[in-house]
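Enquirer: mind looking at a prediction? Sequence and model below.
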Amino acid sequence: MLAMNLIRCCLSLARRSPSHFLNLSTTQTLVSPSSSRFKLITFQTMVSRAYTTPSHPSGKLLFRQLFEKDSSTYTYLLADVSHPDKPALLIDPVDKTAERDLSLVKELGLKLIYAMNTHVHADHITGTGLIKTKVPAVKSVISEASKSKADLLIQAGDKIYFGDLFLEVRSTPGHTLGCVTYVTGDGPDQPQPRMAFTGDALLIRGCGRTDFQIFTLPKDTLIYPAHDYKGFTVSTVGEEMLYNPRLTRDEETFRNIMENLNLPYPKMIDLAVPANMVCGLQDLSAKPVEAISN
């Protein structure tokens, strides 16, 4: 049913104004913001090639895109480097690369405060639980609708602050009922173009089995998916509206595509889903290792 409704949802929402994107009347402040200004700095991916993104005047946001090869998963590191504490967060960390991510956080002099997931993953074990054993102050984050365990259970409309920057939580169910997209804030002191971390709801030139509201964002919004299997790293809302071979078709064609993908049973699903439902700490009796200082 969700797959059958996807095209209708996308095509109708794509023609509506951003005010229809989501009712943001309910806001949960997790960290108090201030009014400093910043810019979105040039960055490099930690994969095979580098690219840049437009700059914002005051150099505030640090951004890194990280890659885990076995599951083709992207993990995203964001930090407010103009704040005295340099607070940071990780989106969709993987257990196999948790050490790498924490080493990078330490090298950059950041204070990791959140380890967040866009949904309960079926193709890898989240790194949030492992990260928490090494940096106990870190809070795990996932949607309440996922029915998973975490320190902070978020809902659509919540704002997650790290320093003076924040992410908005958008409900994008379909691939799973608990899928959310994290979008950088809208405002004169927030990065432009905006950035949307879509998990499996929207991939570059593809999508998961999903029903979502991403196409109402401005067309220059940068799309950062949770996975890519062809070597792409970033797209935009405008590009996907034009070139996504699944989402540019009518509903019947989309349904036929999704029902005939003939995908193999996810090789990690029997391990990943139970582990991710408890924040990646499938062995709760394991002795935590010594914490890493940030």
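Expert: Thanks, I have it.

Enquirer: which residue is nearest the middle of the chain?
Expert: Taking Cα atoms, centre = their mean as the criterion, Phe197 is the residue nearest the geometric centre of the chain, at 3.7 Å.

Enquirer: looking at it, it is touching Leu77, isn't it?
Expert: No - Phe197 is beyond contact range of Leu77, at 11.2 Å (criterion: Cβ atoms under 8 Å). Backbone N, C-alpha and C define where each C-beta goes, glycine included.

Enquirer: quick one: Val81 from Ala156, how far?
Expert: With distances defined as Cβ to Cβ, to the nearest Å, the gap from Val81 to Ala156 amounts to 29 Å.

Enquirer: quick one, strands of the stretch 151-294 of the chain?
Expert: Secondary structure of the stretch 151-294 of the chain (DSSP state E, counting those that start in this stretch): strands at 152-154, 159-162, 165-171, 180-184, 195-199, 222-225, 235-236.

Enquirer: what's the closest of those to Gly129?
Expert: Distances from Gly129 to each of the strands of the stretch 151-294 of the chain were compared by Cβ to Cβ, and the smallest falls on strand 152-154, at 14.3 Å.

Enquirer: now that closest one: buried residues?
Expert: Leu152, Leu153, Ile154 (16 or more other Cβ atoms under 10 Å).

Enquirer: ok, stretch 174-181 next?
Expert: Neighbour counts using 16+ other Cβ under 10 Å place Gly174, His175, Thr176, Gly178, Cys179, Val180, Thr181 of stretch 174-181 among the buried residues.

Enquirer: quick check: Pro193 touching Leu222?
Expert: Yes - taking contact to mean Cβ under 8 Å, the distance of 5.7 Å between Pro193 and Leu222 places them in contact.

Enquirer: ok, the nearest residue to Leu202 once chain neighbours are set aside - contacts?
Expert: Once its chain neighbours are removed from consideration, Leu202 has its nearest residue in Ile214; the separation is 5.2 Å (Cβ to Cβ, 6 or more residues apart in numbering). With contact set as Cβ atoms under 8 Å, 6 or more residues apart in numbering, Ile214 has these partners: Arg170, Thr172, Thr181, Ala196, Thr198, Ala201, Leu202, Ile223, Val237.

Enquirer: TSV for the buried residues of strand 152-154, including distance to Glu144 and pLDDT?
Expert: Output for those, formatted as TSV (distance: Cβ to Cβ, whole Å; pLDDT from 0 to 100):
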residue	distance to Glu144	pLDDT
Leu152	9	95
Leu153	4	96
Ile154	7	96
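
Enquirer: name the nearest residue to Pro193, sequence neighbours excluded.
Expert: Closest residue in space to Pro193, ignoring its immediate chain neighbours: Asp220 at 4.2 Å, by Cβ to Cβ, 6+ apart.

Enquirer: so what's the one you found up against?
Expert: With contact taken as Cβ under 8 Å, 6+ apart, Asp220 is in contact with Pro193, Thr236, Val237, Gly238.

Enquirer: state the number of residues packed around the last one.
Expert: To tie it back to what came earlier, the one meant is Gly238. Gly238 is surrounded by 15 other residues when neighbours are defined as other Cβ atoms under 10 Å.
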